[in-house]
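[1] starting from these lines, generate the structure:
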Amino acid sequence: MSTPALSVPRTARLARWNAVLMTRNRLALVYGVVVPLLPLLLLLSGDRGDAGPGAAAITTTVLMAALFPVFYNVLSQFVTRRDELVLKRMRTGEARDLELLVALALPGAVVTLVVSLLAVPLAMALGQDAPLNLLVYVAGVLVATVMFAAFAFWTAAWTRNAEAAQMTSLPVIFLALAGQFSIALPASAQRWADLTPGAALTDLVRSAWFGLPESGTTRTLDLAATWGEAAGPLLVLVAWTVLAVGIAARSLHWEPRV
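    This is a model prediction of the structure:
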């Protein structure tokens, strides 16, 4: 009988160890938990229940929750442990490559999911309606989490050290945030900007949470209609995830960069 590629108990132990290391870094916890929730404060300055500012604030919260505890945390931790030869030593033991990667990303992924779910009662307390389709919203968060974890491993492949991660992370961060500024672009450029991960996540939040159609500002979708409206943005996120996983698998380096 073939040996499974991933041992759940061993991966859980590794993830728990990574979580302990993460909780010891108070700055990482602040950036991972507190900072992503700050955009929700923008809801205090707008009309209660206004879908436009609400969608922008909640999308920013989800993006920041994925970028800090998942993307940047995984990137810096992988590069640091690679350069310290920690990963190389662990690979000589029982731990398999997939277990090391999943365990490294799992603590940040849990933080992202918790923060994204915590945004629901907080936004409602600030006057927003409850999500119209919570399942689609959660599905978008989960896909985005996997995508940014894969992008972190890809970025680590050409990041020489942890300090350089501040610069090498910028292309992915720009890709994530570019879609939120597409409204200021010419119509010809907006079509391409809408295919970025940030734009897809924005459209998904607008439809799944607020029942807003594409480019619409008035809620016209019911629960059944949100499934079809969110299918396009969700497929864009899935496509980016497949791309990110593919390029990460082909370019991953376990040895320190020289």
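
[2] okay, Ala19 and Val110: tell me how far apart.
    Look at Ala19 and Val110: by CB to CB, to the nearest Å, they are 8 Å apart. Using the backbone N, CA and C atoms, a C-beta is placed for each residue, glycine as well.

[3] what do these two both touch?
    Taking CB atoms under 8 Å, 6 or more residues apart in numbering as the contact definition, Ala19 and Val110 share no neighbouring residue.

[4] most centrally placed residue in the protein?
    Ala66 (2.8 Å; CA atoms, centre = their mean).

[5] what's that one in contact with, if anything?
    112, 141, 144-145, 148, 176.

[6] measure it to Ala230 for me?
    Counting by CB to CB - Ala66 and Ala230 are separated by 17 Å.

[7] and if you look at Glu99?
    33 Å.

[8] who has more neighbours out of these two?
    A direct count of neighbours by other CB atoms under 10 Å for Glu99 and Ala230 places Ala230 higher, at 25 against 22.

[9] that one touches Leu134, doesn't it?
    No: with contact defined as CB atoms under 8 Å, Ala230 does not count as touching Leu134 (11.8 Å).

[10] which neighbours do the two share?
    The contact lists of Ala230 and Leu134 share Ala208, where a contact means CB under 8 Å, 6+ apart.

[11] please name every helix or strand in contact with the host helix or strand of Thr80.
    Using DSSP states H and E, Thr80 maps to helix 73-83. Packing contacts for helix 73-83, counted by 3 or more CB pairs under 8 Å, 6 or more residues apart in numbering; DSSP states H and E, involve helix 8-24, helix 86-91, helix 97-125, helix 134-157, helix 165-168.

[12] mind putting the ones you listed into a markdown table with mean pLDDT and distance to Tyr72?
    Output for the helices and strands packed on helix 73-83, formatted as a markdown table (pLDDT from 0 to 100; distance: least, CB to CB, whole Å):
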| stretch | mean pLDDT | distance to Tyr72 |
| --- | --- | --- |
| helix 8-24 | 90 | 12 |
| helix 86-91 | 88 | 18 |
| helix 97-125 | 94 | 9 |
| helix 134-157 | 95 | 7 |
| helix 165-168 | 92 | 7 |
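
[13] most tightly packed of those?
    Mean neighbour count (mean count of other CB atoms under 10 Å) peaks for helix 134-157 among the helices and strands packed on helix 73-83, with a mean of 23.

[14] what does stretch 96-106 rub up against?
    Residues contacting stretch 96-106 (CB under 8 Å, 6+ apart): 5-7, 10-12, 14-15, 17-19, 70, 74, 77-78, 87, 90-91, 149, 152-153, 254.

[15] swap that for stretch 144-152, please
    Outside stretch 144-152, the residues within contact range by CB under 8 Å, 6+ apart are 62-63, 66-67, 70-75, 78, 105, 108-109, 112-113, 172, 176, 197, 201, 237, 240-241, 244-245, 247-248.
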